[in-house]
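Peer 1: coords below, sequence missing:
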């Protein structure tokens, strides 16, 4: 099951991650967020977005188009 999810986006900005995640979901792409930011020092770390491998090309196209 883990191999069905592919990382498609990474950012250190939580607002940017939420915007991209919302855009993907609004376009019918199931996506999840993995927050790898430090819980004590929010300035460190990244937020990665993953989607199912069947939707990777569509998701990357939407991200590039709306960037």
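Peer 2: It's in. None of the values given here were measured: they were computed from a predicted structure.
Peer 1: Which helix or strand contains the residue positioned nearest the centre of the chain?
Peer 2: Nearest residue to the geometric centre of the chain (CA atoms, centre = their mean): residue 49, 2.0 Å. Using DSSP states H and E, residue 49 maps to strand 47-52.
Peer 1: okay but residue 58 is in contact with residue 29, surely?
Peer 2: Yes: applying CB atoms under 8 Å as the test, residue 58 and residue 29 come out as touching, 6.3 Å apart. The C-beta positions use only the backbone N, C-alpha and C, and glycine is treated the same way.
Peer 1: Residue 10: what's it in contact with?
Peer 2: The neighbourhood of residue 10, defined by CB atoms under 8 Å, 6 or more residues apart in numbering, consists of 46-49.
Peer 1: Residue 60 too?
Peer 2: By CB under 8 Å, 6+ apart, the contact set of residue 60 is residue 8.
Peer 1: who has more neighbours, residue 58 and residue 29?
Peer 2: Per other CB atoms under 10 Å, whichever of residue 58 and residue 29 has more neighbours is residue 29, with 18 against 15.
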